[in-house]
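Asker: attaching a predicted model along with its sequence, questions to come.
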Amino acid sequence: MLPQPVKAADITDENSAQTYLNQAIMTTFCRVLDSSRLPPDVVMRLLATALGQTYREVAAAHQDGCCPCGWRPQPASDIETLRASLEDAAVPRRSDDLLSMTAAGRA
């Protein structure tokens, strides 16, 4: 059974935001891969570049501290956190790892 798609209006917490972003990135990746005929590793590198550009633009908008969200970019630690998140998500999971298993039903 496939997971239900998450719409932007359904984003209420970090988990639903993660699911929405996962779906959006996979959809974008597949569309670019299909239409461009570029190899998957090239498209993934382009996605990483787009994420880096997004970070740079958002960080620049927050440098002066005028945004009410209160985030203060710290490029060195922020980029290391992004790098670690990418590495953690990309490492293959063991098939017997309970955290990576999809729920088969409800109890």
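Answerer: In hand now; what should we look at?
Asker: now do residue 6: how many residues are near it, please.
Answerer: Residue 6 has 19 neighbouring residues, counting by other CB atoms under 10 Å. C-beta: built from backbone N, CA, C; applies to glycine.
Asker: that one contacts residue 19, correct?
Answerer: Yes: with contacts counted by CB atoms under 8 Å, residue 6 reaches residue 19, the gap being 4.6 Å.
Asker: so where is this protein shaky, pLDDT-wise?
Answerer: Low-confidence segments of the chain (pLDDT under 70): 1-3, 97-103, 105-107.
Asker: recalculate using a threshold of 50.
Answerer: 1 (pLDDT under 50).
Asker: helices or strands up against the strand or helix carrying residue 57?
Answerer: Secondary structure assignment for residue 57, by DSSP states H and E: helix 40-62. With contacts taken as 3 or more CB pairs under 8 Å, 6 or more residues apart in numbering; DSSP states H and E, helix 40-62 sits against helix 14-36, helix 75-90.
Asker: pick the most buried one from those.
Answerer: Mean neighbour count, computed with mean count of other CB atoms under 10 Å, is highest for helix 14-36 among the helices and strands packed on helix 40-62, reaching a mean of 12.
Asker: what's the angle from the helix holding residue 57 to helix 14-36?
Answerer: Per axes from the mean of the first three to the mean of the last three CA atoms, to 10 degrees, the angle that helix 40-62 makes with helix 14-36 is 130 degrees.
Asker: picking up where we left off before, so can I have JSON lines of the helices and strands packed on helix 40-62 showing distance to residue 42?
Answerer: Output for those, formatted as JSON lines (distance: least, CB to CB, whole Å):
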{"stretch": "helix 14-36", "distance to residue 42": "9"}
{"stretch": "helix 75-90", "distance to residue 42": "16"}
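Asker: right, and these - which one's nearest residue 104?
Answerer: Closest approach to residue 104 among the helices and strands packed on helix 40-62 is made by helix 14-36 (18.3 Å; CB to CB).
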